[in-house]
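> Got a predicted model here, sequence first, then my questions.
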Amino acid sequence: MGEAPAFVVDDLQNGYQNGFGLKYKDYETAITIHDKTYVIGGSDDESSSSIGVRIYDKATGNWEIPTVLGTKPKPCKSHSAVSLSDDRILIIKKGSSPDDCIWFLEVDTQYVREQKKNLGTQLVAWSKGVRGNVDKPVVISGPSGVGKGTLISMLMREFPSMFGFSVSHTTRAPRAMEKDGVHYHFTERSVMEKDIKDGKFLEFASVHGNLYGTSIEAVEAVADAGKRCILDIDVQGARSVRASSLEAIFIFICPPSMEELEKRLRARGTELEEQILKRLRNSEAEVEQGNSSGIFDHILYNDKLEECYENLKKLLGLDGNTVATQKSSSEGLNLPWDHSVSKTDNKIIINCGTPELEKASKSLIVLDVSSLKGGAPGRTRGLDVYAIDSFSDGLNGIDSFSDGLNGIYQPS
Ligand SMILES: Nc1ncnc2c1ncn2[C@@H]1O[C@H](COP(=O)(O)OP(=O)(O)OP(=O)(O)O)[C@@H](O)[C@H]1O
Ligand SMILES: Nc1nc2c(ncn2[C@@H]2O[C@H](COP(=O)(O)O)[C@@H](O)[C@H]2O)c(=O)[nH]1
């Protein structure tokens, strides 16, 4: 795809290399990985909604505008970019809020390769970086009427600040008490199919004759609120999530018997006879797959509701030690506007000192990226952050901090 280049090709061929914050005009950085140069544009244009990405393919001599998946970072005036192991580029936004400064642009991860194959286009995907290991999302599956929704409501009522519900999309009609955007995003099939084609869904499946799906945005909205995401999805959806990079805990809820399941479904009174029969027919295969597919980490029997709820809490580590597990999931990183970035092995060094402060105390922040987990279409977790307070002279390289780590960076 052709586009007027912001700089001439010779600049790319001669001037750019893998590495650091090569600031170009209009706050762009360029990172070359093998034959491709990724030009990542910051912006001072308030109207642009996200950081742009273009690719120059040295082999063909063409510019390409890739399909961009994932929740995109809002534009910033400047950023640094560092390539990590050829499959993703770390972006450090300057002047951004502490919880919005670390992003990853995935260019050749498994997810990107799969989506490229599915969509048949040049493609990249954004994933926001978070410190440490936030609690894994919880996927809850089980046949219709087994009590998934009831258990999830109990959990959310008891721990409102800890859990957030992933609001699915569905093409089925709303029930009497259901609210759009709360219980589901009720949607037209054609709209949902287009969004699926555009890569906006983490998973989707045809369930009891309707289309259901979890959008990437739904999962990220929960993470943005600093909560642990709960997904109520069918077994097909659970299988897709299991195959994705979203690391989750998978729990299957089993009915005590098929007779009891039928009783609950009928007593709920939300489905017409035809739907009840369809759901009951499907439940046999679901229970079989739930028990034998290897997708699920835990199987819970929902016979006595209170007992099942206590067991659910136990396996989520919520039995009596609630305060300890209600930790903040995404503590940010408070970077000064003026900083420079360098890299060694799996460590990214952010120098927060200014050249004018010659003999003064400088502060180096180390981002350890050796234990990254997850990634698009969710968050990139496992980012470790340390600060080093050191005194000028010779502190512009990697060698100078080998013994300088003095604990976790405290945002000022
Ligand atoms: N352990 C239980 N004993 C008796 N009734 C229960 C139990 N658990 C849930 N129920 C009841 O069963 C009905 C179905 O529960 P619920 O709506 O939570 O099922 P679900 O698995 O979310 O179904 P769906 O997949 O169709 O959304 C509800 O009326 C609920 O009150
Ligand atoms: N694969 C997905 N399955 C989903 C999703 N949201 C809900 N579901 C499952 O659908 C059935 C029926 O739900 P109902 O609300 O119509 O009773 C149930 O098993 C849910 O778990 C989704 O996003 N993806």
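Structure's in. What do you need? Keep in mind that what you see is a predicted model, and the values were worked out from it rather than measured. Ligands and ions are numbered 1, 2, ... in the order given.
> How is the residue in the chain that ligand 2 sits nearest to assigned, secondary-structure-wise?
Residue nearest to ligand 2 within the chain: G237 (2.4 Å; C-beta to the nearest ligand atom). Glycine gets a C-beta too; all of them are placed from N, C-alpha and C. Using DSSP: H, G, I helix; E, B strand; the rest coil, the secondary structure recorded for G237 is helix.
> My read is that it contacts A205, right?
Yes: with contact defined as C-beta atoms under 8 Å, G237 reaches A205; the gap is 5.0 Å.
> Which one of these two is surrounded by more residues?
G237 (23 against 17; other C-beta atoms under 10 Å).
> And the more buried one, how far from Y212?
7 Å (C-beta to C-beta, to the nearest Å).
> Now the common contact residues for those two.
F204, A205 (C-beta atoms under 8 Å, 6 or more residues apart in numbering).
> all helices of the stretch 51-200 of the chain, in order?
Assigned by DSSP state H, counting those that start in this stretch, the helices in the stretch 51-200 of the chain fall at 110-119, 148-158, 189-197.
> Looking at the lengthiest helix in the chain now, give me its mean pLDDT.
In the chain, assigned by DSSP state H, the helix with the most residues is helix 273-292. Taken as a whole, helix 273-292 carries a mean pLDDT of 96.
> Skipping adjacent residues, who's closest to S127 in space?
Among residues not flanking S127 along the chain, A376 sits closest, at 4.2 Å (C-beta to C-beta, 6 or more residues apart in numbering).
> Which neighbouring elements make contact with the helix or strand containing I299?
Taking DSSP states H and E as the definition, I299 sits inside strand 298-301. Helices and strands touching strand 298-301, by 3 or more C-beta pairs under 8 Å, 6 or more residues apart in numbering; DSSP states H and E, are strand 249-254, helix 305-315.
> from the ones you listed, which stretch is densest packed?
Mean neighbour count (mean count of other C-beta atoms under 10 Å) peaks for strand 249-254 among the helices and strands packed on strand 298-301, with a mean of 22.
> quick one: the following helix or strand past that strand near ligand 1?
Where DSSP H and E defines the elements, the next helix or strand beyond strand 249-254 is helix 258-268. Yes: where contact is defined by C-beta under 6 Å from any ligand atom, part of helix 258-268 touches ligand 1, namely R264, A267, R268.
> Contacts for helix 258-268 next, please.
For helix 258-268, contacts defined as C-beta under 8 Å, 6+ apart pick out 143-147, 255, 271, 276, 279-280, 283-284, 287, 303.
> hmm, 7 Å instead?
Helix 258-268 is touched from outside by P143, S144, G145, V146, G147, P255, E271, I276, R279, L280, S283, with contacts defined as C-beta atoms under 7 Å, 6 or more residues apart in numbering.
> hmm, it in reach of ligand 2?
No: Helix 258-268 stays clear of ligand 2 (C-beta under 6 Å from any ligand atom), getting no nearer than 9.0 Å.
> So which elements touch the longest helix of the chain?
helix 235-243, strand 249-254, helix 258-268 (3 or more C-beta pairs under 7 Å, 6 or more residues apart in numbering; DSSP states H and E).
> and these, which is most packed in?
When those are compared using mean count of other C-beta under 10 Å, strand 249-254 is most buried, at a mean of 22.
> where does the chain come near ligand 2, residue by residue?
Residues of the chain lying near ligand 2 by C-beta under 6 Å from any ligand atom: 144, 148, 168, 172, 203, 205, 207-208, 212-214, 232-234, 236-237.
> buried subset of these?
144, 148, 168, 172, 203, 205, 207, 212-214, 232-234, 236-237 (16 or more other C-beta atoms under 10 Å).
> circling back: how about the longest helix of the chain: buried residues?
For helix 273-292, by 16+ other C-beta under 10 Å, it's Q275, I276, R279, L280, N282, S283, E286, V287, Q289, G290.
> Check the secondary structure at the residue lying closest to T214 once chain neighbours are set aside for me.
Of all residues not flanking T214 in the chain, L202 sits nearest, at 4.7 Å (C-beta to C-beta, 6+ apart). Recorded secondary structure, L202: strand (three-state DSSP).
> I'd like to know how many residues surround L202.
Look at L202: counted by other C-beta under 10 Å, it has 25 neighbours.
> Ok, R175 next?
Using other C-beta under 10 Å as the criterion, the residues surrounding R175 number 12.
> can you check S370 too?
So S370, with other C-beta under 10 Å, has 10 neighbours.
> pretty sure it is touching I348, no?
No: with contact defined as C-beta atoms under 7 Å, S370 does not count as touching I348 (10.7 Å).
> follow-up on the earlier one: check the contacts of helix 258-268 against ligand 1, which are close?
S144, G145, V146, G147.
> residues contacting the first one?
Translated: S144. Each residue near S144 by C-beta under 7 Å, 6+ apart is listed here: H208, L265, R279, S283.
> Equivalent analysis for the second one, please.
For G145, the contacting residues are L261, R264, L265, R268, R279, taking C-beta under 7 Å, 6+ apart as the criterion.
> Now do the same contact list for I140.
Per C-beta under 7 Å, 6+ apart, neighbours of I140: K148, I152, I230, L231, D232, I251, I253.
> got a list of what the last one touches?
Just to be clear, that refers to I253. Contacts of I253 (C-beta under 7 Å, 6+ apart): I140, G142, V146, G147, K148, L151, L300, N302.
> Looking at those, which is nearest V366?
Nearest to V366 among the contacts of I253 is I140, at 38.0 Å by C-beta to C-beta.
> so what's that closest one bridging to?
D232, I251 (DSSP bridges).
> Adding distance to S48, write the residues of helix 258-268 next to ligand 1 out as a markdown table.
Listed next are the residues of helix 258-268 next to ligand 1 as a markdown table, based on distance: C-beta to C-beta, whole Å:
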| residue | distance to S48 |
| --- | --- |
| R264 | 51 |
| A267 | 53 |
| R268 | 47 |
